[in-house]
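K.L.:
Have a look at this prediction, sequence included:
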Amino acid sequence: MTTSALRRHPGGSAPDTAGIGRDAIRALYAELALHPKPGLVSPLDSGSHDDMDMATFMRSLFALRGYFRDIATAGAEGADFDVLRGLGIEAERRMLAATGGINTHRGAIFSLGLLAAASGALKHEGQSLAGPALGEAVTRRWGQALVAAGIQARDSDSHGARAIRRYQVRGAREEAAEGFPLVFGTALPALEEVLARTGCLERALVQTLFTLMSVLEDTNLLHRGGTEGLGFVRDGARRFLDAGGVLMPGWRERALALHRDCVARHLSPGGSADLLAATWFVHHQRSGAERT
Ligand SMILES: CC(C)(COP(=O)(O)OP(=O)(O)OC[C@H]1O[C@@H](n2cnc3c(N)ncnc32)[C@H](O)[C@@H]1O)[C@@H](O)C(=O)NCCC(=O)NCCS
Ligand SMILES: Nc1ncnc2c1ncn2[C@@H]1O[C@H](COP(=O)(O)OP(=O)(O)OP(=O)(O)O)[C@@H](O)[C@H]1O
């Protein structure tokens with residue numbers, strides 16, 4: 001699929017889907033390169049993971065380069081959910097081939113993929129990307145199909161499906177079907193506030209990650225640590241934020257302390273990592289649209 005194959009939409013223009021794809025990969029790289037991130041893989045260590053490191057994630061990123069461009073193009077072409085799911089499944093296959101069977105980016109292929117498709121669609125139609133427009137576009141276009149896919153997957157034996165059954169929580173599909181309320185309502189305001197106050201990207205990303213960790217019902221954490229593990233991470237992140245987060249001296253040491261505690265408990269907030277990348281992607285897409 002190429003950008004030039006897209007038909008022009010009245011009032012819109014052929015969107016730069018290669019640019020959308022690049023922003024998605026950059027967002028995933030920004031998440032990966034960040035440190036400290038409690039329990040997660042970073043350039044400094046593998047956190048709570050003994051089967052993957054920075055190099056595994058880099059191989060995975062390399063394998064996903066074409067996927068985000070293609071799903072953005074599919075979105076611009078008005079594709080229905082089955083087409084997006086086909087691209088997502090194929091991308092998962094490439095990720096697993098590149099990592100030797102390790103799940104590095106499953107959640108990101110899904111969440112960031114849907115947001116990239118929404119960006120392609122809105123840009124193609126010449127619509128604004130302001131506020132929660134990208135999330136609303138996901139709900140409007142693919143929300144029903146996402147809910148149906150969630151019902152269908154209820155009995156599956158993925159870690160996420162098992163956690164949703166056992167603990168009655170919302171998973172990745174529910175978050176997407178509702179238009180990513182945590183990304184638009186919680187994470188983006190945190191990111192933009194710290195960016196405005198400090199101009200420091202590292203601190204803005206750390207604050208956003210902890211903000212997500214303090215509220216997300218992360219099925220990765222439930223799978224690894226049950227409600228106790230989820231509660232431990234949420235409470236730890238909340239305490240970090242209540243102490244002033246990244247705006248207070250000593251923030252790095254406090255974040256590192258939670259990192260060490262998560263590693264000791266084998267906990268990893270992978271869902272928050274995925275949504276951090278999604279938040280950074282949306283921020284870029286929106287500010288890019290304002291410039292043009
Ligand atoms: C939809 C997916 C993520 C299903 O997830 P499932 O609930 O079965 O759990 P699974 O353990 O496989 O993975 C969940 C992933 O979501 C992330 N996650 C966990 N909790 C949450 C949450 N509350 N919100 C958002 N993301 C979360 C995690 O990082 C994890 O990687 C995916 O496996 C899938 O169906 N892929 C097929 C491709 C597809 O449907 N693509 C759609 C278009 S892109
Ligand atoms: N920097 C990161 N470090 C670790 N995980 C991340 C990172 N960024 C995103 N993730 C997410 O976390 C998920 C990996 O978590 P985890 O290893 O617990 O999943 P799993 O393979 O389903 O479970 P397990 O390894 O316990 O069998 C990835 O699918 C990815 O979505």
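P.N.:
Great, that's in hand. Ligands and ions are numbered 1, 2, ... in the order given.

K.L.:
what's the spacing between residue 193 and residue 204?
P.N.:
Separation of residue 193 from residue 204 (C-beta to C-beta, to the nearest Å): 8 Å. Using the backbone N, CA and C atoms, a C-beta is placed for each residue, glycine as well.

K.L.:
Please say which of those two ends up with more neighbours.
P.N.:
Each of residue 193 and residue 204 has its neighbours counted (other C-beta atoms under 10 Å); residue 204 has more, 23 against 15.

K.L.:
same for the helix or strand hosting that one, what does it pack against?
P.N.:
In this assignment (DSSP states H and E), residue 204 forms part of helix 201-213. On a contact count with 3 or more C-beta pairs under 8 Å, 6 or more residues apart in numbering; DSSP states H and E, helix 201-213 meets helix 17-33, helix 188-198, helix 219-242, helix 251-264, helix 270-291.

K.L.:
With only the CA atoms kept, save that helix in PDB.
P.N.:
Below are the C-alpha coordinates for helix 201-213, written out as PDB (Å, rounded to 0.1, in the frame of the first residue of the first chain):
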ATOM      1  CA  LEU A 201      11.100  15.800  27.600                       C
ATOM      2  CA  GLU A 202      12.700  13.200  29.900                       C
ATOM      3  CA  ARG A 203      10.800  14.500  32.900                       C
ATOM      4  CA  ALA A 204       7.600  15.000  31.000                       C
ATOM      5  CA  LEU A 205       7.700  11.300  29.800                       C
ATOM      6  CA  VAL A 206       8.500  10.000  33.300                       C
ATOM      7  CA  GLN A 207       5.700  12.000  34.800                       C
ATOM      8  CA  THR A 208       3.300  10.700  32.100                       C
ATOM      9  CA  LEU A 209       4.400   7.100  32.700                       C
ATOM     10  CA  PHE A 210       3.800   7.300  36.500                       C
ATOM     11  CA  THR A 211       0.500   9.000  35.900                       C
ATOM     12  CA  LEU A 212      -0.700   6.100  33.700                       C
ATOM     13  CA  MET A 213       0.700   3.600  36.200                       C
END
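
K.L.:
Please state the backbone phi and psi of residue 120?
P.N.:
Phi and psi for residue 120, reported as degrees, to the nearest 10, are phi -60, psi -40.

K.L.:
got it, and residue 101?
P.N.:
When read as degrees, to the nearest 10, the backbone of residue 101 gives phi 90, psi 10.

K.L.:
That one: how many residues sit nearby?
P.N.:
Residue 101: 9 neighbours (other C-beta under 10 Å).

K.L.:
circling back: quick one: closest of the helices and strands packed on helix 201-213 to ligand 1.
P.N.:
helix 270-291 (3.0 Å; C-beta to the nearest ligand atom).

K.L.:
How confident is the prediction for whichever residue of the chain sits closest to ligand 1, by pLDDT?
P.N.:
Closest residue of the chain to ligand 1, C-beta to the nearest ligand atom: residue 160 (2.0 Å). Turning to residue 160, the model gives it a pLDDT of 90.

K.L.:
Contact partners for the nearest residue to it once chain neighbours are set aside?
P.N.:
Nearest residue to residue 160, sequence neighbours excluded (C-beta to C-beta, 6 or more residues apart in numbering): residue 219, at 4.1 Å. By C-beta atoms under 8 Å, 6 or more residues apart in numbering, residue 219 lies in contact with 159, 160, 163, 164, 169, 171, 172, 271.

K.L.:
who's in contact with stretch 48-63?
P.N.:
Against stretch 48-63 from outside (C-beta under 8 Å, 6+ apart): 25, 28-29, 32, 39-43, 46, 91, 94-95, 97-99, 102, 104-105, 224, 262-263, 265-268.

K.L.:
To clarify, my last question referred to stretch 136-156.
P.N.:
Stretch 136-156 is contacted from outside by 75, 80-82, 84-85, 114-115, 117-118, 121-122, 127, 161, 164-165, 171, 173-174, 176-180, using C-beta under 8 Å, 6+ apart.

K.L.:
Give me the PyMOL select line for those, limited to the buried ones.
P.N.:
The PyMOL selection below is limited to those of the contacts of stretch 136-156 classed as buried (16 or more other C-beta atoms under 10 Å):
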select buried, resi 75+81+84+85+114+115+117+118+121+122+161+164+171+173+176+177+178+179+180
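
K.L.:
what does the stretch 1-150 of the chain have sitting close to ligand 1?
P.N.:
Residues of the stretch 1-150 of the chain that fall close to ligand 1, judged by C-beta under 6 Å from any ligand atom: 84, 85, 88, 89, 92, 106, 107, 110, 111, 113, 114.

K.L.:
Helices of the stretch 1-150 of the chain, residue ranges please.
P.N.:
Using DSSP state H, counting those that start in this stretch, the helices found in the stretch 1-150 of the chain span residues 17-33, 54-63, 65-76, 81-99, 106-124, 133-152.
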